[in-house]
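Participant: Okay, here's the prediction I keep looking at, along with the sequence it came from:
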Amino acid sequence: MPPIYRSLRLMFYVLLIVAGTVLVTAAAMHHAERQTLADDAQRANQQLALYATSLHTLIERYRALPAVLALDPELRSALTGPVSPQQQDALNQKLEKINGAAQSSTLELLDRNGLAIAASNWRLPSSYVGHNYGFRPYFSQTRSQGTGRFYAVGVTSGIPGYFLSSAVLGDNNEFLGAMVVKLEFPELEREWRQGTDTLLVSDARGIVFIANQPGWRYRLLEALSPTDLAELKATRQYDKQTLVPLPHERLRRFDDNSYLVRVEGPDGPAQYLWESLPLSTEGWTLHLLRRPQVAFEDLRNAALAAAGVWLTLVFVLLFLSQRWRIAKLRQRSREELERLVEERTRELRTAQDGLVQSAKLAALGQMSAALAHEINQPLTAQRMQLATLRLLLDHGRVDDAYKALRPLDDMLTRMAALTGHLKTFARKSPSGLREPLDLAAVVDQAMHLLEVRLRDEQIHCTVDLVRPARVRGDAIRLEQVLINLLRNALDAMRDKPLKRLHIRLEADQQLWRLSVTDSGGGIDEQDLPNVFDPFFTTKPVGDGLGLGLAVSFAIIHELGGRLTAENHGDGARFTVTLPVDLEAQI
Ligand code: ADP
């Protein structure tokens, strides 16, 4: 793969990991935020239920009060006829006393037209006495249904409150008037103001009428219809108060009564968790608004944890895939190597076989020349011998003739041996042949083949052989090695005045050590490492192929032995070591 693609791929992976980290962290933060908000909403909801209970309990405490008072005979009789100032004074004081005991805000008695004939606040300038409240819905509710309830801003006092009323009935169950208790919630609002949450109570039209924070009261949660506006005007429910919309937008829903909301509140725009709880008895809704508090640390921890898990996963995956790839590569290169080794071995074997064969052929050529020389001489000698023989027979010297036949016989035997040996020398012997042999006999045979040259060149030969020296191998090939060593020695000594050849065969533990030492001047130190290389020769062209030692080396190696060269004295020494044939030894 070109490097540009590799770096592109690397970049792609890095980008993928980075993008993955960003995504995972963002998702974890989002999830953590959602979870925290949902938990918060749940908590706020539980708190809201507590607030609702306290409001409910407060109202319930006063619900029976007007009904009980409506049964009072004094009050009832006051409504049946005209009330004298003394009677009214007594009524006012009575209501004032009961109001103090019950701890309600105001108590008032209305006649059948809605006119207040007595009230607990008669002493105050904002006294209800003498005012008509017939337009208030609780009055008409009481007249028609027996009871009424209504939250409104007091038209006289300007103080908002919850009016609970009960009908005062005559002996024949005719409507005489209404007993009304007004509840204000200053304490409740004060109590609710303790926390940081914003608490609102809205009526059925979505108008906030109780709030624990300034600026939230008389806000509209929904737009008012013209009918609503007309009714509000008629009942003067919120009287002179201006109703301002509270703009808000729902951002996220947790359930029907739980949202994340953006509110344009009195303190400016902000996000709130907005919990609502409908109060069915009153037809109101209680709201709790809480600023969401998602701690930065929580988000950061969630992000770090997610990034940690993600990166661990990525690195484990990378590590595994890398290991897998390395294992695959290793496997592939091992197979490749095995294949190469096999191939080379095969090639080498073929090359070696070829070398052995060509070296043999070269040797054969040389040998043919030697043979011609070797045979010519005996042939001339024999011809002369035969002439002598003929002369002796002509003279009837039969005994002398017999004597003259013996050298002829000897010569023929030697010639036969020579040709016989040559015949076997040229054949290609199967490699790896291992026959039991006597190495000393192989030396004899080689010496025999070179006998003429040894004699002609007047070589001083010393031969020390231990016999039998049992080895396993191929006689012809071993002979080839020896002839090669001997011929090299003779070549080296050709021009030397002193020609000494020392052949020694001895046992060395489990080995046979055969050395050929000459006095031919030795090998140049720098050539020593190369003499076993194929085609290394210092001989003139036509004289040497440079194959002899290479092939010899291979043959000895194949038989499990070693062939080494060194300089010794005034010449070279070649040493062949071969393992002892233990089977033959036993
Ligand atoms: P060749 O005889 O055809 O040159 P060899 O492989 O038999 O090939 O020998 C390689 C070379 O090793 C010879 O050319 C010669 O330089 C050197 N050499 C071998 N034997 C001897 C020796 N006995 N004395 C000196 N040099 C030798």
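Facilitator: Arrived safely.
Participant: Tell me the helices and strands packed up against the helix or strand hosting Ile555.
Facilitator: Per DSSP states H and E, Ile555 falls inside helix 548-558. If you count contacts as 3 or more CB pairs under 8 Å, 6 or more residues apart in numbering; DSSP states H and E, helix 548-558 packs onto helix 296-394, helix 475-493, strand 562-568. Glycine gets a C-beta too; all of them are placed from N, C-alpha and C.
Participant: Which stretch among these is buried most, on average?
Facilitator: Per-stretch averages of neighbours, counted by mean count of other CB atoms under 10 Å, single out helix 475-493 among the helices and strands packed on helix 548-558, with a mean of 22.
Participant: follow-up on the earlier one: can you redo the helices and strands packed on helix 548-558 as a markdown table with mean pLDDT and distance to Arg290?
Facilitator: As requested, the helices and strands packed on helix 548-558 are exported to a markdown table (pLDDT from 0 to 100; distance: least, CB to CB, whole Å):
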| stretch | mean pLDDT | distance to Arg290 |
| --- | --- | --- |
| helix 296-394 | 84 | 17 |
| helix 475-493 | 91 | 105 |
| strand 562-568 | 95 | 97 |
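Participant: among the ones you listed, which is nearest the ligand?
Facilitator: The minimum distance between the ligand and the helices and strands packed on helix 548-558 falls on helix 475-493, with 3.3 Å, by CB to the nearest ligand atom.
Participant: is the closest one anywhere near the ligand?
Facilitator: Yes. Interface with the ligand: helix 475-493 contributes Asn484, Asn488, Ala489, Ala492 (CB under 6 Å from any ligand atom).
Participant: quick check, nearest of those to Phe553?
Facilitator: Asn484 (10.2 Å; CB to CB).
Participant: Show me the contact partners of stretch 309-320.
Facilitator: Applying CB atoms under 8 Å, 6 or more residues apart in numbering, the contact partners of stretch 309-320 are Ile17, Gly20, Thr21, Val24.
Participant: Return the alpha-carbon coordinates of it using PDB.
Facilitator: Only the C-alpha atoms of stretch 309-320 are listed here, as PDB (Å, rounded to 0.1, in the frame of the first residue of the first chain):
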ATOM      1  CA  VAL A 309     -14.800   3.300  29.000                       C
ATOM      2  CA  TRP A 310     -14.800   4.200  25.300                       C
ATOM      3  CA  LEU A 311     -11.100   4.600  25.000                       C
ATOM      4  CA  THR A 312     -10.400   1.400  27.000                       C
ATOM      5  CA  LEU A 313     -12.700  -0.400  24.600                       C
ATOM      6  CA  VAL A 314     -11.000   1.200  21.500                       C
ATOM      7  CA  PHE A 315      -7.500   0.300  22.800                       C
ATOM      8  CA  VAL A 316      -8.500  -3.200  23.700                       C
ATOM      9  CA  LEU A 317      -9.800  -3.600  20.200                       C
ATOM     10  CA  LEU A 318      -6.700  -2.100  18.600                       C
ATOM     11  CA  PHE A 319      -4.500  -4.300  20.700                       C
ATOM     12  CA  LEU A 320      -6.400  -7.400  19.800                       C
END
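Participant: does the helix holding Ile555 come close to the ligand?
Facilitator: Yes. With CB under 6 Å from any ligand atom as the criterion, the ligand is reached by helix 548-558 at Gly548, Leu549, Ala550.
Participant: The second one and Asn484 touch, don't they?
Facilitator: Yes. Here Leu549 reaches Asn484: they are 7.0 Å apart, a contact under CB atoms under 8 Å.
Participant: Let me have the residues of helix 548-558 next to the ligand in a markdown table, extended by distance to Ala303 and pLDDT.
Facilitator: Shown next, in a markdown table, are the residues of helix 548-558 next to the ligand (distance: CB to CB, whole Å; pLDDT from 0 to 100):
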| residue | distance to Ala303 | pLDDT |
| --- | --- | --- |
| Gly548 | 82 | 81 |
| Leu549 | 78 | 88 |
| Ala550 | 75 | 81 |
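Participant: now the residues you listed as TSV including neighbour count and distance to Ala440?
Facilitator: Converted to TSV, the residues of helix 548-558 next to the ligand look like this (neighbours: other CB atoms under 10 Å; distance: CB to CB, whole Å):
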residue	neighbour count	distance to Ala440
Gly548	23	22
Leu549	23	23
Ala550	20	26
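Participant: Tell me the one of these nearest Arg219?
Facilitator: Nearest member of the residues of helix 548-558 next to the ligand to Arg219, counting by CB to CB, is Ala550, at 111.7 Å.
Participant: Write out the residues of the stretch 351-500 of the chain neighbouring the ligand.
Facilitator: Asn484, Asn488, Ala489, Ala492.
Participant: Please report the distance of the third one from Ile503.
Facilitator: When distance is defined by CB to CB, to the nearest Å, Ala489 is 9 Å away from Ile503.
Participant: Could you pull out the helices in the stretch 101-250 of the chain for me?
Facilitator: Under the criterion DSSP state H, counting those that start in this stretch, helices of the stretch 101-250 of the chain are mapped to 137-145, 186-192, 226-235.
Participant: Least confident of those, on average?
Facilitator: Confidence, taken as mean pLDDT, is least for helix 186-192 of the helices of the stretch 101-250 of the chain (a mean of 80).
Participant: what about that helix, distance to the chain center?
Facilitator: 61 Å (CA atoms, centre = their mean, to the nearest Å).
Participant: contacts for stretch 438-448?
Facilitator: 417, 421, 454, 461, 463, 465-471, 475, 478-479, 482-483, 486, 503, 505, 512, 514, 578.
Participant: let's go with 10 Å and repeat that
Facilitator: Stretch 438-448 has contacts (CB atoms under 10 Å, 6 or more residues apart in numbering) with 414, 417-418, 421, 454, 461, 463, 465-471, 473, 475-487, 501, 503-505, 512, 514, 516, 576, 578, 580-581, 584.
Participant: Check which element follows the longest strand along the chain along the chain.
Facilitator: When the chain is scanned for its longest strand (criterion: DSSP state E), the result is strand 268-279. With elements assigned by DSSP H and E, the helix or strand that comes after strand 268-279 is strand 284-290.
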